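Undergrad: Predicted coordinates and the sequence they were generated for:
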Amino acid sequence: MRKLARIVGTVMVVAGLGVLAWAFTVWKWEDPLTATLNYIEQRELAESFDRRLEEGRPAGTAPATVDVRKTLPRSAVKWRRGSKQGDAIARLRIPRLGLTEIIVNGTDTNTLKRGPGRYLGSAMPGEGELVYVAGHRTTYGAPFSRIDKLRKGDRVFVELPYGTLEYAITGHRIVAATETSVLKSKGREQLALQACHPRFFATQRYIAYAEPVRVSPPGGGAPSPLEAAD
């Protein structure tokens, strides 16, 4: 019985240490299991987006001859209406976070496992309204794990078939998870990046806001200034 007790005790200690190690790994970095699943999903999404990127780009007109600012709202509406839930709709790049992710259309549970998702009740970048994007902070690649590291002036780039929009971070808010007023547009182009707060809990939401700075035409070309950030 004593030998059995020692064996059971040893197993429990090892199991406890394993749980602690796993918890530390997730706290320090992210959940490795769901991160692997997300990596596979993001790779497939990137391939899908690149195909959509080529198919959705306007043909027959050189980027240098088009003022993308004039075509932006119409192109954005067309892209939104032509995108189904779960589609790869944009490539998000945030240099401060070392982040490059494909944005998925939708914020339901299954969609957010694949990557940051655009709330379907919000606009598509370039429409001149609120663009609301949510992402995980500890699981499924944890794209927004370090969202609180963003500082005023940090750049955020969103690539779409009709152009690449550059935004500048203007600030952040922390609100209750039940606060729905943050989903309402203020009638101007604004990007909101949302994650749960604090980490490992879902009682609040951390929202980083950004305003448009400039837009570059598809396929290259000189960027054009948009409404200046605060």
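TA: Looks like it came in fine.

Undergrad: just for the protein, where's the confidence low?
TA: 1-30, 56-66, 227-230 (pLDDT under 70).

Undergrad: what ranges do the strands span in this structure?
TA: 88-94, 99-105, 117-118, 130-134, 155-160, 163-176, 190-197, 204-216, 224-225 (DSSP state E).

Undergrad: Give me the most central residue, this structure.
TA: Centroid check for the chain by C-alpha atoms, centre = their mean gives Pro116 as the closest residue, at 3.5 Å.

Undergrad: nearest to Ala142, of the strands of the chain?
TA: Ala142 sits nearest to strand 190-197 of all the strands of the chain, at 8.8 Å, using C-beta to C-beta. C-beta: built from backbone N, CA, C; applies to glycine.

Undergrad: Can you report how many residues lie near the closest residue to Arg69 other than its chain neighbours?
TA: Among residues not flanking Arg69 along the chain, Ser224 sits closest, at 5.3 Å (C-beta to C-beta, 6 or more residues apart in numbering). Using other C-beta atoms under 10 Å, Ser224 has 16 neighbouring residues.

Undergrad: i'd like the first residue to be 11 from this point on
TA: Got it, the first residue is 11 from now on, which makes the last one we talked about Ser234.

Undergrad: Let me see the contact set for Ser234.
TA: By C-beta atoms under 8 Å, 6 or more residues apart in numbering, Ser234 lies in contact with Asp77, Val78, Arg79, Arg224, Val225, Ser226, Pro227.

Undergrad: follow-up on the earlier one: the residue nearest to the centre of the chain reaches Tyr142, doesn't it?
TA: No - Pro126 is beyond contact range of Tyr142, at 10.6 Å (criterion: C-beta atoms under 8 Å).

Undergrad: Good, we can wrap up now.
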